[in-house]
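Have a look at this prediction, sequence included:
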Amino acid sequence: MVIATMLLLASCSQFVQLVETESVGKDAVTKNGVCENEDIKVTYDMWSEDGITYFSIYNKADKPMYIDWKRSVFIYNDWKNDYWVEKSTTESYVVPLGTGKNITYERKQSTVVAERYTFIPPHTYVSVPMTYVIMNNGLQVNTETSESGKSKIMITQSLKNDKTATKTKIASTTGKGQVKAIEKTFTKETSTNRFRNFLTYAFKENFSDEKYIENEFFVNKITEMTTKNFNGKFKNAKVTVKVGGAKTKGKVKVYSSPYRNGTSFYNTIIK
């Protein structure tokens with residue numbers, strides 16, 4: 001798989017933070033990015049810069065399902081973020097009038113209202129367009145208090161100056177042996193990045209039989225490493241880009257991305 005972001009990482013930064021999440025409690029624990037009950041299966045893919053709450057929904061039942069986005073929310077550190085906001089957009093289009101040589105064209109406008117409900121046929125997947133960034137920039141906030149009681153706050157992207165982080169060695173992804181890294185682990189109580197996905201669904205259009213599924217995650221580990229080790233091994237691939245009538249050929253590096261996981265994401269670190 002060609003991952004364009006890997007190419008950017010190679011040229012923009014020397015270090016990357018791998019951010020891993022853990023699923024806890026609620027309706028069901030997410031395994032390998034998938035959470036499900038007897039009715040519904042929710043598949044997550046957070047793999048991106050800063051992490052994006054992209055997910056898809058699969059209707060496991062033998063009857064149609066409805067999702068109510070007004071009563072479905074993304075909750076970050078206990079703060080509610082709506083998936084659906086009542087709004088409309090105006091679109092213009094051209095329609096023909098008359099026939100033959102007497103045909104004319106008239107511009108008209110229509111109002112499109114954002115979809116509050118999603119209809120999902122039996123045994124069907126639907127891709128969800130709503131997304132939220134999980135952890136923007138990967139900033140670390142460290143507070144030091146001296147014996148005199150004075151506090152110093154340091155805000156940085158790196159774990160290097162975080163006294164609660166641990167210097168360690170991890171397996172090399174590009175060769176044999178180990179490479180240096182910095183790790184920091186969290187529990188549900190100490191994590192500064194906790195988020196929940198709360199969905200309301202039903203099998204009747206009037207929602208008289210409404211049900212819920214809620215998935216909860218928290219960032220449980222951050223590993224800071226070199227970009228080289230994060231990207232992994234690579235192969236050179238030939239590409240052809242066509243713009244208009246002109247073709248441009250070149251070579252790109254295709255990285256193996258060994259850490260890719262649906263419940264993990266990453267942050268580029270500039271030191």
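Yep, that arrived.

C-alpha from now on. contacts and neighbour counts both.
Will do.

and for stretch 74-85, what are the contacting residues?
For stretch 74-85, the surrounding residues in contact (CA atoms under 8 Å, 6 or more residues apart in numbering) are 69-70, 72-73, 114-116, 130-132, 134, 192-198.

and residue 212, what pLDDT?
Per-residue confidence (pLDDT) for residue 212: 94.

mind listing the helices for the stretch 151-271 of the chain?
For the stretch 151-271 of the chain, applying DSSP state H, counting those that start in this stretch gives helices covering 227-231.

contacts for stretch 123-137?
50-62, 74, 76, 83, 120, 157, 193, 195, 267-268.

Pull out the buried positions in that stretch.
125, 132, 134, 135 (16 or more other CA atoms under 10 Å).

same check, this time on stretch 114-124
119, 120, 121.

Would you mind measuring the gap between the ends of it?
22 Å (CA to CA, to the nearest Å).

now stretch 163-173
End-to-end distance (CA to CA), stretch 163-173: 27 Å.

now what about it, what contacts it?
159, 177-185, 229-230, 232-233, 258.

of all those residues, which two lie farthest apart?
Spatial extent of the contacts of stretch 163-173 (CA to CA) is set by the pair 185 and 233 at 26.6 Å.

So which of the contacts of stretch 163-173 are in strands?
178, 179, 180, 181, 182, 183, 184, 185 (DSSP state E).

For the fifth one, list the residues it contacts.
In this case it means residue 182. So residue 182 contacts 159, 160, 165, 166, 167, 168, 169, 223, 224, 225 (CA under 8 Å, 6+ apart).

which residue sits closest to it in space, ignoring its chain neighbours?
Using CA to CA, 6 or more residues apart in numbering and skipping the chain neighbours, the partner closest in space to residue 182 is residue 167 (4.5 Å).

average pLDDT for stretch 82-98?
Taken as a whole, stretch 82-98 has an average pLDDT of 67.

Equivalent analysis for stretch 233-253, please.
82.

what do you get for stretch 30-37?
85.

Save the contacts of residue 182 as JSON lines, and put in neighbour count, distance to residue 17 and pLDDT too.
Listed next are these as JSON lines, based on neighbours: other CA atoms under 10 Å; distance: CA to CA, whole Å; pLDDT from 0 to 100:
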{"residue": "159", "neighbour count": "25", "distance to residue 17": "9", "pLDDT": "88"}
{"residue": "160", "neighbour count": "16", "distance to residue 17": "12", "pLDDT": "85"}
{"residue": "165", "neighbour count": "16", "distance to residue 17": "13", "pLDDT": "93"}
{"residue": "166", "neighbour count": "15", "distance to residue 17": "14", "pLDDT": "95"}
{"residue": "167", "neighbour count": "15", "distance to residue 17": "14", "pLDDT": "96"}
{"residue": "168", "neighbour count": "13", "distance to residue 17": "14", "pLDDT": "96"}
{"residue": "169", "neighbour count": "14", "distance to residue 17": "14", "pLDDT": "96"}
{"residue": "223", "neighbour count": "22", "distance to residue 17": "5", "pLDDT": "97"}
{"residue": "224", "neighbour count": "26", "distance to residue 17": "4", "pLDDT": "95"}
{"residue": "225", "neighbour count": "21", "distance to residue 17": "6", "pLDDT": "96"}
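
nearest to residue 37, of those residues?
residue 223 (32.1 Å).

related to what we said a few turns ago, now render the contacts of residue 182 as TSV, adding distance to residue 38.
As requested, these are arranged in TSV below (distance: CA to CA, whole Å):
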residue	distance to residue 38
159	42
160	45
165	41
166	42
167	44
168	42
169	42
223	36
224	39
225	40
